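Q: Okay, here's the prediction I keep looking at, along with the sequence it came from:
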Amino acid sequence: MEVGRLPISASQRGKLISAGYTTLSSLSSLSPSDLALDLRISDNEAAEILKVASLGSRLDEPEGGRAIVNGAQTAWDMLHEDEMFPRITTSCLDLDNILGGGINCKEVTEIGGVPGMGKTQLGIQLAVNVQIPVDYGGLGAKAIYIDTEGSFMVERVLQIAEACIEDMTECNGLLRKDFQAGQLKMHPNNILENIFYFRVCSYTEQIALTNYLDKFISEHKDVKVVIVDSVTFHFRQDFDDMALRTRLLSGIALKLMKLAKEHGLAVVLLNQVTTKYIEGSFQLTLALGDSWSHSCTNRVILYWNGNERYAYIDKSPSLRSASAPYSVTSKGIRNSASTCKRIRMM
Amino acid sequence: MTPENLLLRPLITQKCTLGCPDLDRCLGGGIPCNSITELVAESGCGKTQLCLQLALTAQLPIPLGGLSASSIYIHTEFPFPSRRLHQLSLAFHSSHPPIFGGDPCDYIFVQGVHSADQMLGIMTKMEQFVENSRTQLPVRLIVIDSIAALFRSEFDNTPVELKRRSSLFFKISGKLKSLAKRFGLAVVVTNQVVDLVGSEGINGLRIGNLASLCSSGRRVCPALGLAWANCVNSRLFLARHEEVDKEENELGDVNLQSTRSRRRLHVVFAPHLPESCCEFVITRKGIFGVEREQNAAKRNEA
């Protein structure tokens, strides 16, 4: 319902519209004093207008399905928005398939596995892949890489970036053979430049950086993925007070979730694996305990199956549990060699 | 807080040569700076030899693959092999033209450590030492030989003790990593192995590229468990296999029987390296890689 249809005086209506309040929803979260200040009217008058407006919006409800709180969305709108958001490919087709196309923006995804499983490799791959231009089905965005462990090697990033560009050029050649205009203008150095790299040496620094990220991302709106490699390392060092650790960690998790939601970016947290004593035997589980496992929307576990690396979706609100093989090659994360063979045989 | 521009960093992480081109090739140039590299092997495989050699090659100027630096050598197994170091340094001195005056041993600072807590205490001293070193060469290499000896005796096998132990792992490794980052150090720690019983790994756990580590015909796995494995950036494995050479003489006797050790260096995991391996020998002059025909053929295929 428009402000114009409210049963108020013409001068009030004029003041409202000239101040930019054209719809009822724009008035829904205002306090009378704010409105009074904006329109330069008395508080009583403002309160009167808001009362009429809220009455009006209540009348509106049956037909329109108004939001209760300003900024809330309907599930229908959210579904559409979800479909609009591109996903970040992992460069491994099988893995993308079980992830529903790749790592989801607006969500926090946790990836865990034993040392040497390829967590860091996957992290670097995502930091490179988020930069694939929109023409090539990517996001054409930038990445933030938060390194707590020191495993980030520039030479490896360069290698993966070169392979990524090579693949894109190949794809370019296949799709538009005669087009010169579609020539790829990307250099591995550009890819390196578009990864914002933070090396974090203690948990206090990690918390401070998490708090600072919001400001940083507001200034760099084209960041579409935040990778934390690993979220765990500093939180396994110095904590005698486990309750404090849990509080700090859930604080970080909340901030990252808010970040993901507000800026529409993907947050990828890499986690270590630990053993847990369950019913008389030691079992492998992701580190940081049970309360942490609630903090991530999606959880992917990487594991060995014989001689092959597999990824398993352990938790996700929208994806079904599934596992897929992948391999770590000189070019980065790719389809597992054995599935390639199978495809070739068919 | 500002992000680092990756283009301003050297595009290839600085490495410290092992003093042998074959071994360096296997490791992509040597032991990387800014991170922790772990050497895992059973006793007598050459861990200490490699560490001593590194302490010498680190002194080489940067164009020759060294770090142009002195090193801190922390030993937890006694006594310190000073005689062997002296032998190696003589060979090193003769094979490399004297770059600076004095004995190479002058640029290796040795410290013995007896317990994990003492180790933690020494970390802060080390930081001051590295920061204010007045030596001709700055410290760029820290060797801890071995980390396992500190932890294998002191702790009981109870949940509380194990928890205290892994907390210490993370503390030590956290300190080492921040030192490595701050001063661009290469950090090398050695680790022992434990025998592997049963068909699967411990709890069916497999870490790294190799399905199982084999040395001296036994299946082994690195000591200190999963928690410690999370604390290192790269893990290298040194394996030894005894081979019996039978040389029959004209009479058909096998009296010329001799056993020969074949040693291999494997990359178990590393952020910048693929799975690879390289054979090496230990001579009086140090550790050297052996370029085998088989390996060469493989490389040509690739």
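A: Perfect, thanks for sending it.

Q: Output the below-cut-off pLDDT ranges for chain B.
A: B:98-101, B:198-204, B:211, B:245-258, B:292-302 (pLDDT under 70).

Q: which residue does chain A bring closest to chain B?
A: A:G116 (2.8 Å; CB to the nearest CB). (Each C-beta comes from the backbone N, C-alpha and C, glycine too.)

Q: That residue should be in a strand, yeah?
A: No - counting by DSSP: H, G, I helix; E, B strand; the rest coil, A:G116 is not found in a strand; it is coil.

Q: how about the residue nearest to it when sequence neighbours are not counted, what does it touch?
A: Distances taken as CB to CB, 6 or more residues apart in numbering or on different chains put B:F269 closest to A:G116, at 2.8 Å, once the chain neighbours are dropped. Neighbour list for B:F269: A:115-116, B:207-209, B:234-235 [criterion: CB atoms under 8 Å, 6 or more residues apart in numbering or on different chains].

Q: tell me the contacts of A:E193?
A: Per CB under 8 Å, 6+ apart, neighbours of A:E193: B:5-7.

Q: which residues of the stretch 1-150 of chain B fall in helices?
A: B:21-26, B:47-57, B:82-95, B:116-131, B:147-152 (DSSP state H, counting those that start in this stretch).

Q: what do you get for the stretch 201-302 of chain B?
A: Counting by DSSP H, counting those that start in this stretch, the helices of the stretch 201-302 of chain B are B:225-229, B:293-301.

Q: same question, the stretch 101-250 of chain A
A: Going by DSSP H, counting those that start in this stretch, the stretch 101-250 of chain A shows helices at A:119-129, A:154-175, A:188-193, A:203-219, A:242-263.

Q: So which of these is the most surrounded?
A: Mean neighbour count, computed with mean count of other CB atoms under 10 Å in any protein chain shown, is highest for helix A:119-129 among the helices of the stretch 101-250 of chain A, reaching a mean of 26.

Q: just the angle between that one and helix A:154-175, please?
A: For helix A:119-129 against helix A:154-175, the angle by axes from the mean of the first three to the mean of the last three CA atoms, to 10 degrees is 50 degrees.

Q: do helix A:119-129 and chain B meet at all?
A: Yes - residues of helix A:119-129 contacting chain B under CB under 8 Å from any CB of the partner chain: A:120-121.

Q: Any chance you could list what contacts that helix?
A: A:88-91, A:103, A:111-113, A:138, A:143, A:145, A:149, A:151-152, A:156-157, A:160-161, A:164, A:191, A:195, A:225, A:227, A:229-230, A:266, A:268, A:270, A:302, A:328, A:332-333, B:271.

Q: Next: stretch A:326-338.
A: A:90-95, A:118, A:121-122, A:124-125, A:128, A:159-160, A:163-164, A:166-167, A:308-311, A:325, B:274.

Q: residues from the stretch 51-200 of chain B in reach of chain A?
A: B:159, B:166-167, B:170-171, B:174, B:177-178, B:180-182.

Q: List the contacts of residue 53.
A: Assuming you mean chain A. So A:A53 contacts A:3, A:6, A:24, A:27-28 (CB under 8 Å, 6+ apart).

Q: Oops, wrong one, chain B.
A: Applying CB under 8 Å, 6+ apart, the residues near B:Q53 are B:18-19, B:88, B:286-287.

Q: Run through the strands of the stretch 1-150 of chain A in chain order.
A: In the stretch 1-150 of chain A, the segments counted as strands under DSSP state E, counting those that start in this stretch are A:87-88, A:103-104, A:108-112, A:142-147.

Q: could you dump those strands to JSON lines with mean pLDDT, mean neighbour count and distance to B:N34?
A: As requested, those are exported to JSON lines (pLDDT from 0 to 100; neighbours: other CB atoms under 10 Å in any protein chain shown; distance: least, CB to CB, whole Å):
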{"stretch": "strand A:87-88", "mean pLDDT": "90", "mean neighbour count": "24", "distance to B:N34": "27"}
{"stretch": "strand A:103-104", "mean pLDDT": "90", "mean neighbour count": "24", "distance to B:N34": "27"}
{"stretch": "strand A:108-112", "mean pLDDT": "94", "mean neighbour count": "25", "distance to B:N34": "23"}
{"stretch": "strand A:142-147", "mean pLDDT": "95", "mean neighbour count": "24", "distance to B:N34": "10"}
